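Q: All I have is the shape, not the residue letters:
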Ligand code: HEM
């Protein structure tokens with residue numbers, strides 16, 4: 001444990017470090033990748049370019065430091081990160097590398113302000129935080145290896161089927177190459193997919209939510225192709241999957257992970273709200289609820305630009321037809337001519353509170369939502385205004401997690 005002096009130094013320097021947080025983590029990544037280029041095989045380069053990972057790491061280190069004398073207060077956040085680390089293959093031996101470069105970056109950015117005493121306090125604090133992660137992750141590796149059909153690290157899967165679900169989303173049905181059992185998972189969880197893209201010097205890893213229910217002989221992911229737009233580069237991995245990976249191809253997957261999961265003990269009405277490709281974990285939850293909880297009232301809301309990019313529509317409608325406790329609502333922000341002719345959507349434009357209130361039976365429900373950040377912020381705000389309890393709002397970000405209010 002840390003002594004009182006160290007704790008006080010940490011607490012008094014957190015505000016200073018926070019001011020320089022992004023500069024420190026940026027410098028940290030530069031230094032770490034130049035001395036350990038092999039770590040480029042683990043980190044998402046697109047997140048690095050957008051600065052999102054820098055912010056996520058900085059926030060996590062400072063949140064942990066502020067709570068250094070009561071780390072259990074941030075256990076859910078630690079677990080969420082640990083899930084991501086386990087799914088990426090982060091190991092105990094990586095922590096000293098990160099620690100060494102983080103301290104060097106603090107020293108570099110703060111200059112003389114970083115006294116020996118301060119650096120020592122942060123080295124000690126990092127040690128405590130790292131030990132907490134290492135312990136939780138070690139348990140997660142053991143669990144995923146010991147679970148029936150489970151495994152540690154990456155396992156080869158064959159693309160059994162590739163199905164175009166919309167103009168931008170394609171599903172991949174993945175079966176293990178070794179022909180052995182497949183681990184059960186909780187709806188809402190994701191897998192990490194590791195690929196070697198021809199011409200690229202590093203392997204790339206991305207997370208995709210599982211879009212079917214557990215208990216099937218395959219895992220299904222439904223991937224949106226990220227073409228270049230608004231100054232944002234094209235998504236290397238999504239384009240590779242869409243254009244170059246065919247049926248029969250091999251992908252490497254780590255075992256399902258993630259803490260954005262359906263609370264199955266809760267029997268109150270549940271509302272699933274997905275924006276764009278954020279519908280994928282919602283569809284997995286919907287299948288699961290239909291199979292396991294026939295008495296639970298479920299409202300499924302999906303916002304898409306229009307019918308052309310709306311994936312898995314028929315599948316969801318068939319589920320709703322067969323299960324009267326499910327109600328389904330489509331919201332098109334920019335319906336096209338064909339949509340208008342068919343008129344087969346419930347709302348035109350963005351979701352707003354009066355419309356949500358008309359679609360959802362009551363604010364006393366459990367809400368799960370996933371989608372682009374502005375969409376999630378809007379949904380979160382509306383539900384809070386309506387009176388939904390914080391504890392009933394569950395959400396998942398694409399990419400590095402953040403607090404919705406700060407995103
Ligand atoms: C992701 C914190 C150590 C590799 C993250 C995220 C946070 C975080 C907050 C984002 C989680 C999310 O997306 O939901 C920390 C803290 C650490 C630590 C506080 C030390 C105490 C490490 C180590 C490695 C590592 C030792 C391995 C070298 C990664 C990678 C990601 C990640 C690869 C995924 C994001 C990306 O690819 O850009 N970490 N981490 N982390 N972490 Fe760590």
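A: All right, it came through fine. Here the structure is a predicted model, which means the values were calculated and not measured.
Q: Tell me the first helix or strand C-terminal of the biggest helix by length in the chain.
A: Longest helix of the chain, by residue count under DSSP state H: helix 116-146. Heading C-terminal from helix 116-146, the first helix or strand you meet, by DSSP states H and E, is strand 154-164.
Q: That next one packs against which elements?
A: Contact here means 3 or more CB pairs under 8 Å, 6 or more residues apart in numbering; DSSP states H and E; on that basis strand 154-164 packs against strand 169-176, strand 250-254. (Each C-beta comes from the backbone N, C-alpha and C, glycine too.)
Q: of all these, which lies closest to residue 36?
A: Closest approach to residue 36 among these (CB to CB): strand 250-254, 20.7 Å.
Q: Identify whichever of the helices and strands packed on strand 154-164 lies nearest to the ligand.
A: Closest of the helices and strands packed on strand 154-164 to the ligand is strand 250-254, at 12.0 Å (criterion: CB to the nearest ligand atom).
Q: which residues touch that closest one?
A: Outside strand 250-254, the residues within contact range by CB atoms under 8 Å, 6 or more residues apart in numbering are 86-89, 153-159, 172, 174, 177, 191-195, 219, 241, 245.
Q: Try it again at 6 Å.
A: Strand 250-254 has contacts (CB atoms under 6 Å, 6 or more residues apart in numbering) with 87, 154, 155, 156, 157, 158, 191, 192, 193, 194.
Q: Need the contact partners of stretch 17-32.
A: With CB under 6 Å, 6+ apart, stretch 17-32 has contacts from 54, 57, 58, 62, 101, 102, 104, 105, 106, 108, 109.
Q: any idea how far the ligand is from the last one?
A: Residue 109 is 18 Å from the ligand, where distance means CB to the nearest ligand atom, to the nearest Å.
Q: my read: residue 185 touches residue 214, true?
A: Yes. In this structure, residue 185 is within contact of residue 214 by CB atoms under 6 Å, at 4.9 Å.
Q: higher neighbour count, these two?
A: residue 185 (23 against 18; other CB atoms under 10 Å).
Q: give me every residue that touches the closest residue in space to the more buried one that isn't next to it in sequence.
A: Nearest in space to residue 185, with sequence neighbours left out and distances taken as CB to CB, 6 or more residues apart in numbering, is residue 256 at 3.6 Å. Counting by CB under 6 Å, 6+ apart, residue 256 touches 185, 189, 191.
Q: which SS state does the last one fall under?
A: Think residue 191. Here residue 191 is recorded as strand under DSSP: H, G, I helix; E, B strand; the rest coil.
Q: Identify the bridge partners of the closest residue to it other than its chain neighbours.
A: Nearest non-adjacent residue to residue 191, counting by CB to CB, 6+ apart: residue 253, 4.8 Å away. Legend: beta-bridge partners of residue 253 under DSSP bridges are residue 155, residue 193.
Q: how close does residue 253 sit to residue 153?
A: To residue 153, residue 253 is 10 Å away according to CB to CB, to the nearest Å.
Q: Neighbour count: those two, which is higher?
A: Shown here are residue 253 and residue 153; by other CB under 10 Å, residue 253 has more neighbours (20 against 14).
Q: Could you identify which of the helices and strands packed on strand 154-164 is most buried?
A: Across those, averaging neighbours per residue (mean count of other CB atoms under 10 Å) puts strand 169-176 on top, at a mean of 21.
Q: neighbouring contacts of it?
A: Here strand 169-176 makes contact (CB under 6 Å, 6+ apart) with 157-165, 218-224, 242, 277, 311.
Q: Quick check on those residues: which are buried?
A: Buried members of the contacts of strand 169-176, counted by 16 or more other CB atoms under 10 Å: 157-159, 162, 165, 218-224, 242, 277, 311.
Q: Those: which two are farthest apart?
A: For those, and using CB to CB, no pair is farther apart than 158 and 277, which are 23.4 Å apart.
Q: List the buried residues of stretch 205-215.
A: For stretch 205-215, using 16+ other CB under 10 Å, the buried residues are 205, 206, 207, 208, 209, 210, 211, 212, 213, 214.
Q: got the contact list for the fourth one?
A: Contacts of residue 208 were listed using CB under 6 Å, 6+ apart, and they are 190, 221, 223.
Q: beta partners of the last one?
A: In this structure, residue 223 has the following beta-bridge partners (DSSP bridges): residue 170.
Q: right, and it touches residue 241 too?
A: Yes. Between residue 223 and residue 241 there is a contact under CB under 6 Å: 5.3 Å.
Q: before we move on, the earlier item: can you tell me which of the buried residues of stretch 205-215 lies nearest to residue 295?
A: For the buried residues of stretch 205-215, the nearest to residue 295 is residue 213 (17.8 Å; CB to CB).
Q: got the residues of the stretch 51-200 of the chain near the ligand?
A: With CB under 6 Å from any ligand atom as the criterion, the stretch 51-200 of the chain meets the ligand at residues 53, 56-57, 60-61, 64, 80-81, 84-85, 88, 90, 94-95, 98, 129-130, 133.
Q: If we use 5 Å, what do you get?
A: Counting by CB under 5 Å from any ligand atom, the stretch 51-200 of the chain comes close to the ligand at 53, 56-57, 60-61, 81, 84, 88, 90, 94-95, 98, 129-130.
Q: want to try CSV for the residues you listed, with distance to residue 317 and neighbour count as columns?
A: Listed next are those as CSV, based on distance: CB to CB, whole Å; neighbours: other CB atoms under 10 Å:
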residue, distance to residue 317, neighbour count
53, 38, 20
56, 37, 19
57, 42, 20
60, 40, 19
61, 46, 24
81, 37, 22
84, 33, 20
88, 36, 20
90, 40, 19
94, 46, 18
95, 48, 19
98, 47, 20
129, 47, 22
130, 48, 18
